[in-house]
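J.: Requesting a structural model of the entry that follows:
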Amino acid sequence: AQRLVTPDPTPEELAGWRTQPAHEMSLVWRRRDGRRSLVAGATADHVVGMDPEESRALLDDLLDWTTQDRFRYTHDWEVGDLVVWDNTGILHRALPYDESSERLLHRTTVVGDEAFA
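T.: As a prediction, this is how the structure comes out:
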């Protein structure tokens, strides 16, 4: 996710980021009903088995594709608003906001029986 703030990290920054625990997962999740979702976002570092530069280019292209204006929803908050989304089917992120603004978030997790990835 740091690449959004620092798109061209130094070797030292990249090494520091990579000290965090890593795990592998598929780029595509096929649901039982046949629908597929990309499992790629700002935290994806590389594609296993690909040349690092080609891998980074693919992930950047996927992020550019999925964040096009035609796929984007931005909410202009008003008191009393409620926004609900399915984390398994949407890429989401908060935009910069005034640190002095009041923010209240309630998270609800619905447990299901469909395994992710």
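
J.: In the longest helix belonging to the chain, which of the residues would be classed as buried?
T.: Looking across the chain with DSSP state H, the single longest helix is helix 52-66. Within helix 52-66, the residues scored as buried using 16 or more other C-beta atoms under 10 Å are Ser55, Arg56, Leu58, Leu59, Leu62, Leu63. The C-beta positions use only the backbone N, C-alpha and C, and glycine is treated the same way.

J.: try stretch 92-112
T.: So for stretch 92-112, nothing qualifies as buried (16+ other C-beta under 10 Å).

J.: for it, how far is the first residue from the last?
T.: 21 Å (C-alpha to C-alpha, to the nearest Å).

J.: Identify the residue nearest the geometric centre of the chain.
T.: Centroid-nearest residue in the chain, with C-alpha atoms, centre = their mean: Gly41, separated by 3.1 Å.

J.: Next one: the residue lying closest to it once chain neighbours are set aside, what pLDDT does it get?
T.: The shortest distance from Gly41 to any non-neighbouring residue, by C-beta to C-beta, 6 or more residues apart in numbering, is to Leu91 (5.4 Å). Note on Leu91: pLDDT of 79.

J.: ditto for the one 3 residues further on
T.: In this model, Ala94 is scored at 72, pLDDT.

J.: Over to Asp113?
T.: 69.

J.: quick one, helices of the chain?
T.: Applying DSSP H to the chain gives helices spanning 11-17, 52-66.

J.: which residues sit against the first one?
T.: What that stands for is helix 11-17. Gln2, Thr6, Pro9, Asp45 (C-beta atoms under 8 Å, 6 or more residues apart in numbering).

J.: of all those residues, which comes closest to Glu78?
T.: Gln2 (31.9 Å; C-beta to C-beta).
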